[in-house]
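Asker: my questions concern the predicted model and sequence given below.
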Amino acid sequence: MSFSERAIPRLGVNIDHVATIRNARGGPHPDPVRAARVAVQAGADGVTAHLREDRRHIGDEDIERLLKYIEAPLNLEMAATEEMLAIALRHAPHACCIVPEKRKELTTEGGLDVAGGHNHLAPFVGQLGARGIRVSLFIDPDEVQIAGAAKLGAAVVELHTGTYCDRALGGDEKAAEAEVERLAYAAALAERYGLEVHAGHGLSFDTVGAIAAIPQVTELNIGHFLIGEAIFGGLDSAVKRMLALITQARSAAAGQQMA
Ligand code: PXP
């Protein structure tokens, strides 16, 4: 497929941190479902929410309300536990992204070891897939993990962009570029294995372009930065600007390839 035939990557907005702010006071405000509605009205293609074991942000009721009131596809991020599997099978969201989860981490640190964890993960991928849910595995851009994801029969891999974003934020341009190359190589390899390629974690207005320009990337999942930015200019405007940057980067990359 030529670059220009590829669609602009979809944007999934992760609304977890609206719930983080709400939970700081224990009341209903701000409501993550309202944020999801605003994001979708601004042009987001989907909504992402991570139901953590400790329910530190999104809660069970949020998932129920997101499915009831938001028509855009829901990507439920979850750890590979029996509790989460039962919840996912009960609700059957559009997609489930399986992520590693540690109780004490501030955010998802590193990708899932799908190669080493094959036997544990296989029943999760199998049961979610059989329920018609698109299964995504959140992995580092690593050949062994991509081969492991393909072996598990997942439909999608989401490549962890956290290392790239940390390097870019730290001002180490060379190291950041090297990580973009690693992500681009991994995306091409994943596509050769027949996997759909998503990417996310830590992305901002400054870092989204390099990832949106990777031709195989079909979806970007972005949360913390957009919710933070919404404090200053509103969620509607933050989502619209992110969408414009994604389109701009993809169109520029396609144009460069054709020139
Ligand atoms: N993708 C996955 C799999 C994640 O776990 C997260 C964080 O919940 C994100 C994307 C979004 O990351 P961020 O909030 O840093 O944009």
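Answerer: Yep, it's here.
Asker: contacts and neighbour counts: CA atoms only from here.
Answerer: Fine.
Asker: got the residue ranges for the helices in the stretch 51-200 of the chain?
Answerer: 60-69, 82-91, 118-130, 143-152, 162-169, 173-192 (DSSP state H, counting those that start in this stretch).
Asker: the fourth one: how far from the chain's middle?
Answerer: Distance, stretch centre to chain centre, for helix 143-152: 18 Å (C-alpha atoms, centre = their mean, to the nearest Å).
Asker: got the buried residues for it?
Answerer: Neighbour-count burial for helix 143-152, counted by 16 or more other C-alpha atoms under 10 Å, picks out Glu143, Gln145, Ile146, Ala147, Gly148, Ala149, Ala150, Leu152.
Asker: kindly report the same for the second one.
Answerer: Along helix 82-91, these residues count as buried under the neighbour rule (16+ other C-alpha under 10 Å): Met84, Leu85, Ala88, Leu89.
Asker: residues contacting the third one?
Answerer: By C-alpha atoms under 8 Å, 6 or more residues apart in numbering, Ala88 lies in contact with Leu76, Cys96, Leu128.
Asker: repeat that for 10 Å
Answerer: Neighbouring residues of Ala88 by C-alpha atoms under 10 Å, 6 or more residues apart in numbering: Ile63, Leu76, Glu77, Met78, Glu82, His94, Ala95, Cys96, Gln127, Leu128, Arg131, Ile133.
Asker: make a PyMOL selection of the buried ones in those.
Answerer: Buried members of these, defined by 16+ other C-alpha under 10 Å, are picked up in PyMOL with:
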select buried, resi 63+76+77+78+94+95+96+128+133
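Asker: just the closest of the contacts of Ala88 to Ala24, please.
Answerer: The closest of these to Ala24 turns out to be Ile63 (C-alpha to C-alpha; 18.8 Å).
Asker: I figured the closest one was touching Ala49, is that so?
Answerer: Yes: applying C-alpha atoms under 10 Å as the test, Ile63 and Ala49 come out as touching, 7.8 Å apart.
Asker: common neighbours of those two, please.
Answerer: Shared contacts of Ile63 and Ala49, defined by C-alpha under 10 Å, 6+ apart, comprise Pro32, Leu74, Leu76.
Asker: filter those down to the ones in strands?
Answerer: Within the shared contacts of Ile63 and Ala49, residues falling in strands by DSSP state E are Leu74, Leu76.
Asker: closest to Gly209 among the shared contacts of Ile63 and Ala49?
Answerer: Among the shared contacts of Ile63 and Ala49, and counting by C-alpha to C-alpha, the member closest to Gly209 is Leu74, at 23.9 Å.
Asker: tell me if I'm right that that closest one and Ala92 touch.
Answerer: Yes: with contact defined as C-alpha under 10 Å, Leu74 counts as touching Ala92 (9.5 Å).
Asker: tell me which of those two has more neighbours.
Answerer: Comparing Leu74 with Ala92 by other C-alpha atoms under 10 Å, the one with more neighbours is Leu74, at 24 against 18.
Asker: which parts of this structure sit against the ligand?
Answerer: Within the chain, the positions lying close to the ligand (C-alpha under 6 Å from any ligand atom) are 14, 50, 108, 138, 200-203, 221-225.
Asker: circling back to that earlier point, mean pLDDT added to the helices of the stretch 51-200 of the chain, as TSV?
Answerer: Below are the helices of the stretch 51-200 of the chain laid out as TSV (pLDDT from 0 to 100):
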stretch	mean pLDDT
helix 60-69	98
helix 82-91	98
helix 118-130	97
helix 143-152	98
helix 162-169	97
helix 173-192	98
